[in-house]
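K.L.:
give me a 3D structure for the following:
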Amino acid sequence: MTDGVVGLGVVGLGFMGRRYARFVSAIDGVRLAGVHDLDTARAEEVAVEFGATVYPDPDALACAADVAGVIVCTPEDRHEQPAVAALSAGKPLLVEKPVAHSLAAARAIAAAAERSGVPVLIGHLLRFEPRWVAARQRLDTGQIGEVVSISTRRVGNVRDQEVLRGRTTIPLYYGVHDLDVMRWFAGAEGVKIYAERRSGAPRSVGYDVEDLYCAIVSFENGVLGTAELGWHVPANALAARTSGVTVVGTRGLIRIEQGETGFESWTVDGPERALDTTFWLEAYGIPGGALGLEIRHFVACIRGRQAPTIALADAIEALRLSLAMEASAERGAPVDLRGFGRS
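P.N.:
Predicted coordinates:
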C-alpha cells in the first residue's frame, strides 16, 4: 500500500479477470498494480488501459512490493499455482469460484493459507448480491420459521460455450453457486446427494459436456434441497429468466428471481444478451453491484477491517458437494456426503 492506496494484482485476464481489472482500477483507494496472463499481448493491452505493470509469471506479481493483494481469475484447473504463489509471498488472496477443480488442489491452497495467516476470500458472488444477503438475514431472524426446503434453478444458454468451449462441467461452473447457497440457507451440512443428468445441446454444437443436471440434497437438520442446472436453453432465448431460488419455511417463504431486474433492452435483433444490472453494473464510471461489493470487501480484509465473509472451508465444501453431484450422476446412485472426498 502506498499513501493509503491498495495495489491489487490480477492473474488471468479472460471474461472475469478483465472485468475485475476494470473494476479495481475504478474504485477509490484502490489501483490495479499488476497483471499476468498467458496471453502476453492481452496482458499488455490491459496494462496500458489501466496503468498497470505486466509480470512474466504469478510469482513475480505476488512478490512485487506495490501489490498488496492478488486476485486469481484463471480457469479453475489453474488456480492452485498462482494462489499458492500469492500466499507464499504473504499476500491476501481472492480466488474466483470454484476454489479449485479438485479437492487436492483446494486443500493445497488451504494448507498454504494456514501457513501464511493472511486473509483468503473466494469469489462466490451470490454471497455479495443484496437479494441473497437479505434472504440470509431474514432466515437469521426467523421470519419464515424453520427452513423446510430450498429449490434452486440455474439454467444457462447453449451459447455459454462460446466462452467456456467445453472446458468445465455444470456442477463446477453452476452447481458450486447453488450448492453453496443451499448449505448457507439450510444452516446445516449435507448428508446425501442424488443427481441425474442428460446430454444434447452443447454436444450438438461440438462440445463434449452434459447439458442438464437435476439433484436432490438431504441436510442433517432435515432440510431438503433441489437443484436444476444446465446449458440447455435454446440459443435464441438469450434473455430467458431461468435462475433463482425459493426457500420454504414453517411460517412463510422467500423467493428470488435472479433474472427479474426490472430492466429489458430489445432491438430488431431481439433481447440484449447477458444483460446485467445487479452483479457488475457500472454508473458514471463507478463500479457497483455484487462484484463492486466483493472487491471493496476484499480491500477491507486486506486493511484488517473485516474478515472474509465466506471462509475458505465453506468454498471447499461447495466444491466437495459439486464433485459429489458429478459422482452421483456418473454412478446412477446416491452419494453419502458424510464420507465422500473426506480422505
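K.L.:
so where is the chain shaky, pLDDT-wise?
P.N.:
Across the chain, the ranges flagged by pLDDT under 70 are 1-3, 236-241, 271-277.
K.L.:
and if we set it to 50?
P.N.:
2, 239 (pLDDT under 50).
K.L.:
per-domain residue ranges of it.
P.N.:
Domains of the chain are assigned by automatic domain parsing as 6-118, 127-273+319-336.
K.L.:
doesn't residue 148 fall inside a strand?
P.N.:
Yes: when DSSP: H, G, I helix; E, B strand; the rest coil is applied, residue 148 is found to be in a strand.
K.L.:
residues near it, how many?
P.N.:
Applying other C-beta atoms under 10 Å, we find 14 residues neighbouring residue 148. In short, each C-beta sits where N, CA and C put it, glycine included.
K.L.:
and residue 125, by the same measure?
P.N.:
Residues near residue 125, counting by other C-beta under 10 Å, number 19.
K.L.:
next: the one 4 residues further on.
P.N.:
Other residues near residue 129 number 20, with proximity taken as other C-beta under 10 Å.
K.L.:
show me what contacts it?
P.N.:
By C-beta atoms under 8 Å, 6 or more residues apart in numbering, residue 129 lies in contact with 278, 279, 289, 290.
K.L.:
returning to what we had before: return the most buried member of the domains of the chain.
P.N.:
Of all these, domain 6-118 has the most neighbours on average by mean count of other C-beta atoms under 10 Å, namely a mean of 20.
K.L.:
secondary structure element for the residue nearest to residue 215 when sequence neighbours are not counted, which one?
P.N.:
Using C-beta to C-beta, 6 or more residues apart in numbering and skipping residues adjacent in sequence, the residue nearest residue 215 is residue 195, 3.9 Å away. Using DSSP states H and E, residue 195 sits within strand 190-198.
K.L.:
who does that strand pair up with?
P.N.:
Paired strands of strand 190-198, with direction, are strand 212-219 (antiparallel), strand 335-336 (antiparallel) (DSSP bridges).
K.L.:
and the next helix or strand past the longest one?
P.N.:
Tracing the chain C-terminally past strand 212-219 and defining elements by DSSP H and E, one meets strand 224-233 next.
K.L.:
show me what that next one is packed against.
P.N.:
Under the contact criterion of 3 or more C-beta pairs under 8 Å, 6 or more residues apart in numbering; DSSP states H and E, strand 224-233 touches strand 147-157, helix 170, helix 176-186, helix 201-204, strand 212-219.
K.L.:
quickly note the distance from the residue nearest to residue 215 to residue 281.
P.N.:
33 Å (C-beta to C-beta, to the nearest Å).
K.L.:
for residue 331, same thing?
P.N.:
Applying C-beta to C-beta to residue 331 and residue 281 gives a distance of 42 Å.
K.L.:
next: residue 60.
P.N.:
Distance from residue 60 to residue 281, by C-beta to C-beta: 33 Å.
K.L.:
surely residue 55 touches residue 9?
P.N.:
Yes: contact criterion C-beta atoms under 8 Å: residue 55 and residue 9 qualify, at 7.4 Å.
K.L.:
name the residues contacting each of these two.
P.N.:
34, 35, 36, 61, 64.
K.L.:
rebuild these as CSV, extending it with distance to residue 267 and secondary structure.
P.N.:
As requested, those are arranged in CSV below (distance: C-beta to C-beta, whole Å; DSSP: H, G, I helix; E, B strand; the rest coil):
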residue, distance to residue 267, secondary structure
34, 39, strand
35, 34, strand
36, 38, strand
61, 41, helix
64, 44, coil
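K.L.:
closest one of those residues to residue 138?
P.N.:
residue 35 (39.8 Å; C-beta to C-beta).
K.L.:
OK, contacts around that closest one?
P.N.:
9-11, 13, 21, 43, 46-47, 52-55, 61.
K.L.:
next: residue 5.
P.N.:
29, 30, 31 are the contacts of residue 5 under C-beta under 8 Å, 6+ apart.
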